[in-house]
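Student: mind looking at a prediction? Sequence and model below.
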Amino acid sequence: MASSLNNTQSNDETQPLLEADVLHINKPLDLSAKEEDVLRSYTSKCDRRLLLYICIGYATDSLNKMALSNAKIAGLSADLGLHGYDINLALGVYYLGSFIFQLPSNLVLKSVKPTYWLCGSMFAWSLVTLLTAFVASARQLAVCRFLFGAVQAGYLTGSLYYISYWYPRDLVRQRMGFFFASAGLGGICIGPLCALLTSVEAFGLRPWQNIFLFVGSLSLVWSLLGLRMLEDYPDTATFVTAAERQLIARLMARQNTVASTRSISLRQAGMAMRDAKIWLWTLIDFCANGATQVNGMFGPTLIASQGYSTQTAQLLTALTNFMAFSGMASIAYIARYARGSSTAIAISNVITIAGFLLALLAPGGNAIARLAALFLFSFASPQPAAHGPAWEMANQQGSTKPAMAAAITSAFGGLGPLATAFVYRDTDSPAFVLGHSVCLSMTVLCLLSAALLRWILALENDRRDRMPLDISGLTSEQIQDLADNHPDFRYKL
């Protein structure tokens, strides 16, 4: 029977959840044609306002992260006297800072309004990027990059968690696809932008300083706009109607992801820490991120090593980042036609493996073949780094477990690029055999981990089909704390 809305409700108070919605978690909520229209109106408003903001925010994050690799070939190394592993250390400590502060930041997210947290994180990393323009030594550069990783730590997982409680479960994957694709959009812009900034010397500033000052200022302005654009929770949103708030509240109650009604659940936090599936998603993310960040950290260096000038290399990174953007923008559609995220991860892993093999086996050190390899793995390698978190968040429930899962995966999975940062050495130019070999191995491990996780999820779904559990004796709070262990929950493959 179709559910009904209180269409006479005209005030802006949050509608109370029906007890049936809590007691029937994971049971489908049949919608009438009118309610389908209400849901479409709600999601359209969220897309135009909330999703647009956090996507552009993630694009500016990409600009800030890639600023260092472009500044390196724009005179930074020479001006600061960098040598040996100095630049690798500066690249790597960013991920160390992100790792250390990832889990605490996501626990804080449950206690701080999301609007303040996401905008505050962006504001803080913008200030650090601006400060980086005035470093005078390798040590100062490393400190700034560590601080950048620390203050930026909560934005990615905070955004994923934010998406997961604004949208019904079936709509999450596509929105996360758009979110991750926005990083590629930032990458497309950074190359031509840096090529332009490299040609400018004003106010006694060096070209590499212009890069940090511009991208830092850009994200700073956007962080301030967020205070007007973002809102915290669906059930308190002012830009949707009362009918839309009531419907989304009931839908989210059915999938057990109402974020604003409960405090941190220590039980769910413990469940996340003990969940082997989350650690497999983390391993997938670790391996995927290691290969994904090659283009972001070393793309300009890899291109310049083939004999191209600084400005030409920066311009060519627009093409590699366009490939990355294209791959990321297509993940929702690839997952749909592949009938699951695990199959989509396998497809992208196979293409990435082909790219690294081409880079390693390029005949006679052929520069064109190496560029083709860079384009190939730039297109495919970011996809598992997006499919994995989207797959994971679509398989989480509860008030706390999704945030914990996102924090664990992002923190430990984010260490993948820390290994990559030290295997692409200037002394290995132009072949970079060590770096490509390590990333090839990580991609193979990513493929095997995804296959194992799919098998485990399929077994669990089958077990629940064959041996249903009776939870009629549990209270509504106990039912909510079951999270994805609820007997009616089925994992998406």
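Tutor: Arrived safely, thanks for sending.

Student: return stretch 105-121 as CSV; C-alpha atoms alone will do.
Tutor: Extracted as CSV, the C-alpha positions of stretch 105-121 are listed here (Å, rounded to 0.1, in the frame of the first residue of the first chain):
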residue,chain,number,x,y,z
SER,A,105,38.1,14.6,12.6
ASN,A,106,35.2,12.3,11.6
LEU,A,107,34.3,11.6,15.3
VAL,A,108,34.2,15.4,15.8
LEU,A,109,31.9,15.6,12.7
LYS,A,110,29.2,13.9,14.8
SER,A,111,29.4,16.7,17.4
VAL,A,112,29.9,19.7,15.1
LYS,A,113,27.5,21.1,12.6
PRO,A,114,28.5,19.7,9.2
THR,A,115,28.3,23.2,7.7
TYR,A,116,30.9,24.6,10.1
TRP,A,117,33.1,21.5,9.7
LEU,A,118,33.2,21.3,5.9
CYS,A,119,33.6,25.1,5.5
GLY,A,120,36.0,25.4,8.3
SER,A,121,38.2,22.6,6.9
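
Student: list the contacts of it.
Tutor: By C-beta atoms under 8 Å, 6 or more residues apart in numbering, the surrounding residues in contact with stretch 105-121 are 54, 57, 151-155, 157-159, 161-162, 223-224, 226-227, 230-233, 263-264, 400, 403-404, 406-407, 410. All C-beta atoms are positioned from the backbone trio N, CA, C, and that covers glycine.

Student: quick one: mean pLDDT over that stretch.
Tutor: With pLDDT averaged residue by residue, stretch 105-121 scores 81.

Student: begin at 18, not 1, for the rest of this chat.
Tutor: Renumbered: residue one is now 18, and that last one reads stretch 122-138.

Student: can you give me the helices for the stretch 268-417 of the chain?
Tutor: Assignment of helices within the stretch 268-417 of the chain using DSSP state H, counting those that start in this stretch yields the ranges 283-291, 293-321, 327-346, 348-354, 358-378, 384-397, 399-410.

Student: so which of the ones you listed comes closest to Val55?
Tutor: When these are ranked by proximity to Val55, the top entry is helix 348-354, at 23.1 Å, counting by C-beta to C-beta.

Student: average model confidence for stretch 209-227?
Tutor: Stretch 209-227 carries an average pLDDT of 80.

Student: please save the CA atoms from that stretch in PDB.
Tutor: Taking C-alpha atoms only, stretch 209-227 is exported to PDB below (Å, rounded to 0.1, in the frame of the first residue of the first chain):
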ATOM      1  CA  PRO A 209      46.700  25.500 -18.000                       C
ATOM      2  CA  LEU A 210      46.300  27.700 -14.900                       C
ATOM      3  CA  CYS A 211      49.800  27.000 -13.700                       C
ATOM      4  CA  ALA A 212      51.200  27.500 -17.200                       C
ATOM      5  CA  LEU A 213      49.600  31.000 -17.200                       C
ATOM      6  CA  LEU A 214      50.800  31.800 -13.600                       C
ATOM      7  CA  THR A 215      54.300  30.500 -14.400                       C
ATOM      8  CA  SER A 216      54.700  33.200 -17.100                       C
ATOM      9  CA  VAL A 217      53.800  36.000 -14.700                       C
ATOM     10  CA  GLU A 218      56.200  37.700 -12.300                       C
ATOM     11  CA  ALA A 219      54.500  40.500 -10.300                       C
ATOM     12  CA  PHE A 220      55.200  42.200  -7.000                       C
ATOM     13  CA  GLY A 221      58.600  40.500  -6.800                       C
ATOM     14  CA  LEU A 222      57.000  37.100  -6.500                       C
ATOM     15  CA  ARG A 223      58.300  34.000  -8.200                       C
ATOM     16  CA  PRO A 224      56.100  32.000 -10.500                       C
ATOM     17  CA  TRP A 225      55.700  29.100  -8.100                       C
ATOM     18  CA  GLN A 226      54.500  31.500  -5.400                       C
ATOM     19  CA  ASN A 227      51.800  32.800  -7.700                       C
END
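
Student: not counting it itself, show me its contacts.
Tutor: Under the criterion C-beta under 8 Å, 6+ apart, residues 80, 84, 87-89, 91-93, 96, 150-151, 228, 230-232, 327-328, 331-332, 335 lie in contact with stretch 209-227.

Student: thinking again about what came up before, quick one: which of the helices of the stretch 268-417 of the chain is nearest Ala500?
Tutor: The closest of those to Ala500 is helix 283-291. By C-beta to C-beta, the value is 5.7 Å.

Student: coming back round to it: which of the helices of the stretch 268-417 of the chain sits most buried?
Tutor: helix 399-410 (a mean of 29; mean count of other C-beta atoms under 10 Å).

Student: below-threshold pLDDT in the stretch 168-317 of the chain: ranges please.
Tutor: Regions of the stretch 168-317 of the chain meeting the criterion pLDDT under 70 cover residues 219, 273-281.

Student: make it 90
Tutor: Using pLDDT under 90 as the threshold, the predicted model of the stretch 168-317 of the chain has low-confidence ranges 169-225, 227, 249-254, 262-291, 306-317.

Student: so which residue is dead centre in this structure?
Tutor: Residue closest to the average C-alpha location in the chain (C-alpha atoms, centre = their mean): Leu173, at 5.0 Å.

Student: with Ser359 as the reference, measure out to it.
Tutor: Distance, Leu173 to Ser359, by C-beta to C-beta, to the nearest Å: 22 Å.

Student: do the same with Ser326
Tutor: For Ser326, the distance to Ser359 (C-beta to C-beta) stands at 43 Å.

Student: try Asp249
Tutor: Distance of Asp249 to Ser359, computed by C-beta to C-beta: 33 Å.

Student: over to Leu432?
Tutor: Plainly put, Leu432 is 23 Å away from Ser359 if you go by C-beta to C-beta.

Student: please apply the same query to Gly452.
Tutor: According to C-beta to C-beta, Gly452 stands 27 Å off from Ser359.

Student: could you do Gly98 as well?
Tutor: If you go by C-beta to C-beta, the gap between Gly98 and Ser359 works out to 48 Å.

Student: also Leu69?
Tutor: Taking C-beta to C-beta as the measure, Leu69 falls 29 Å from Ser359.

Student: now do Ala76
Tutor: Taken as C-beta to C-beta, the spacing of Ala76 relative to Ser359 amounts to 28 Å.

Student: now swap in Ala384 and tell me
Tutor: Here the criterion is C-beta to C-beta. By it, Ala384 lies 36 Å from Ser359.

Student: ditto for Trp472
Tutor: Per C-beta to C-beta, Trp472 is found 9 Å from Ser359.

Student: before we move on, what about Tyr508?
Tutor: Computed with C-beta to C-beta, the distance linking Tyr508 and Ser359 is 10 Å.

Student: could you do Thr334 as well?
Tutor: Looking at Thr334 against Ser359, where the rule is C-beta to C-beta, the gap reads 31 Å.

Student: repeat for Ala266
Tutor: The span separating Ala266 from Ser359 equals 32 Å under the rule C-beta to C-beta.

Student: kindly report the same for Ser398.
Tutor: With the distance defined as C-beta to C-beta, Ser398 ends up 17 Å from Ser359.
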